[in-house]
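Trainee: need a 3D model of the sequence below.
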Amino acid sequence: MIRLFERGAVCVGLDFLAHPFWDKYIEFEERMEGFDRIFTILGRIIHIPMHQYARYFEKYRQMAQSRPLSAIAPPGTLTQLQMDIENEGAGYKAGRSQAEVERDLRARIDNYHLEIFRRTQTETTKRWTYESEIKRPYFHVTDLDEAQVANWRKYLDFEESEGDYTRTQFLYERCLVTCAQHDEFWLRYARWMLAQQGKEEEVRNIYQRASCFYVPIALPTTRLQYAYFEEMSGRVDVAKDIHDAILFQLPGHVETIVSLANINRRHSGLEAAVAVYQSHLESPSVDSAAKAALVAEWAKLLWKVKGSPEEARQVFQKNQHWYLESAAFWTSYLRFEIDQPTSSETEQQHYEQIRRVVEEILSKSVLPEPTVQELITTYMRYLLERGTKDAAKEYMNLDREINGPTSVQKLPKANPEPSKTLGVVNGQQPLPIRYP
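Mentor: Numbering: from 1, shown residues only. The predicted model follows:
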């Protein structure tokens, strides 16, 4: 039974509201008439900042009056106090009786205990600011309000600044009872633990608890961090398995696919990364929007890692007909061309490449009007910053089309949401309008 209570002390003993647990522990020892153990337990409690710290201190102080001197102070403290009495000329050498010396020594030990009480009182007061704001110390499926989340952040900031590993770890565990579905706190806990010396297994345990039990699969960031941790630890296959587990539930999650491709690139080379993109582009479980983003990532890989902008351009050109409605695809394509390095000798060729993309946006894409306007505005900035001598004329024409009144615009307007139907007309669904 004592072992069970000691396990409980490890789990909840430092909780600000742990007094019901400590009361039960003391009550058990009273039934067993374990008064020495009761005094030892109270000696632990009086150092803990908690709601009812004063009550336990008073009981400890009362019991100390009838305990032997060796039991009420650490040996080093007891020896120092005895030396102080002798040095002050108030000890046995001064002709005082044993009872008088002991009375003086107990008074000094009591002052030592009062100093412990004052420190605990101070620590309790510092934590009361945060404890008083905790309205829900238990887990519930409903979300915490932002004020509660902010309070936990500040409380953790405070405890970390105090520098006590045990108390900080305990507060993280308390926080995660309430905030179990908030990946923010799991990630923070793992990062804090990783900063501690020799705590790799503890970090792994944190990530496993978050990934396997608490954080919803719809929030895969924690699992991705877990994968990076395992990769750092040399367990690359485990890191890949974590990615596969995410994609089993979220087959079109772009961030995870990109992350998996990069792990393969880091450990198996560029072709392995390309194979990841190709396999997911061929997968029927990945939707069109995700595939558009993956094409852009594939092209970026060829451009920035392989150093082959021409191969990247071919990826965009060969795949554009599949993603005419994808803002992500066309934005990436345009940015790719604009970001290519150039010189005075190649600027004209560079301009023609960019203009071709703009013409394809206007003639082929099926994008919402605001998206087209945004892309054309990006091109207009390019014209002013890097355009040739005729750039101003082209800029003014585009400015008229994008920002001018309807009466002076020559390009016919598309639907604001061309991918959405406007309703059934004579039993027919209207086709989306493309920019000419």
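
Trainee: so V366 sits right up against Y323, yeah?
Mentor: No. Under the criterion of CB atoms under 8 Å, V366 makes no contact with Y323, lying 9.7 Å away. For every residue, glycine as well, the C-beta is placed using N, CA and C.

Trainee: between the two, which is the more surrounded one?
Mentor: The residue with more neighbours, out of V366 and Y323, is Y323; 23 against 18, by other CB atoms under 10 Å.

Trainee: so that one is in contact with K291, correct?
Mentor: Yes. Because the distance of 7.3 Å satisfies CB under 8 Å, Y323 is recorded as touching K291.

Trainee: before we move on, what SS does Q196 have?
Mentor: Using DSSP: H, G, I helix; E, B strand; the rest coil, the secondary structure recorded for Q196 is coil.

Trainee: chain neighbours aside, what residue packs nearest to it?
Mentor: Once flanking residues are discounted, Q196 sits nearest to Y165: 6.7 Å by CB to CB, 6 or more residues apart in numbering.

Trainee: got it, and A296?
Mentor: Excluding its sequence neighbours, the residue lying closest to A296 (CB to CB, 6+ apart) is S332, at 3.4 Å.

Trainee: cool, and L334?
Mentor: Nearest-residue entry for L334: V357, 5.2 Å, with adjacent residues in sequence omitted and distances by CB to CB, 6+ apart.

Trainee: which ones are touching the one you found?
Mentor: Contacts were defined as CB atoms under 8 Å, 6 or more residues apart in numbering; by that measure V357 touches 330, 333-334, 337.

Trainee: and for L171?
Mentor: Per CB under 8 Å, 6+ apart, neighbours of L171: 155-156, 159.

Trainee: turn those residues into TSV, including distance to I85.
Mentor: Output for those, formatted as TSV (distance: CB to CB, whole Å):
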residue	distance to I85
Y155	43
L156	45
E159	39
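
Trainee: hang on, H182 packs against V149?
Mentor: Yes. Counting by CB under 8 Å, H182 touches V149, with 6.9 Å between them.

Trainee: more neighbours: which of these two?
Mentor: Regarding H182 and V149, a neighbour count based on other CB under 10 Å identifies H182 as having more, with 21 against 16.

Trainee: from W303, how far out is that one?
Mentor: Taking CB to CB, to the nearest Å as the criterion, H182 is separated from W303 by 37 Å.

Trainee: one step back: thought the residue nearest to A296 was touching L294?
Mentor: No. The pair S332 and L294 fails to qualify as a contact (CB under 8 Å) at a distance of 10.6 Å.

Trainee: the more surrounded of these two?
Mentor: Each of S332 and L294 had its neighbours counted (other CB under 10 Å), and the higher figure belongs to L294 (25 against 19).

Trainee: ok, now which ones touch the more buried one?
Mentor: Neighbour list for L294: 254, 257-258, 277, 280-281, 286 [criterion: CB under 8 Å, 6+ apart].

Trainee: ok, so of those residues, who is nearest P68?
Mentor: When these are ranked by distance to P68 (CB to CB), V258 comes first, at 68.9 Å.

Trainee: what's around the closest one, how many residues?
Mentor: Under the neighbour criterion other CB under 10 Å, V258 is assigned a count of 21.

Trainee: coming back round to it: quick check: which element contains the residue nearest to L334?
Mentor: Using DSSP states H and E, the element containing V357 is helix 347-363.

Trainee: helices and strands of this protein: which one has the lowest mean pLDDT?
Mentor: Averaged element by element with mean pLDDT, DSSP states H and E, the chain has its least confident helix or strand at helix 75-87 (a mean of 85).

Trainee: buried sites along that one?
Mentor: By neighbour count on 16 or more other CB atoms under 10 Å, the buried set for helix 75-87 is 78, 81-82, 85.

Trainee: want to try JSON lines for the residues you listed, with distance to I38 as columns?
Mentor: Listed next are the buried residues of helix 75-87 as JSON lines, based on distance: CB to CB, whole Å:
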{"residue": "L78", "distance to I38": "21"}
{"residue": "L81", "distance to I38": "24"}
{"residue": "Q82", "distance to I38": "26"}
{"residue": "I85", "distance to I38": "29"}
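
Trainee: what's the closest of those to Y189?
Mentor: Minimum separation from Y189 among the buried residues of helix 75-87 (CB to CB) is found for L78, which lies at 40.4 Å.

Trainee: quick one on the thing from earlier: sort out for me which of the contacts of L171 are in helices.
Mentor: Counted as lying in helices by DSSP state H, out of those, are 155-156, 159.

Trainee: looking at the residues you listed, which one is closest to T342?
Mentor: Taking CB to CB as the measure, T342 lies nearest L156 of these, at 49.2 Å.

Trainee: looking at the residue nearest to L334 now. What's its pLDDT?
Mentor: pLDDT, the model's per-residue confidence, is 96 for V357.
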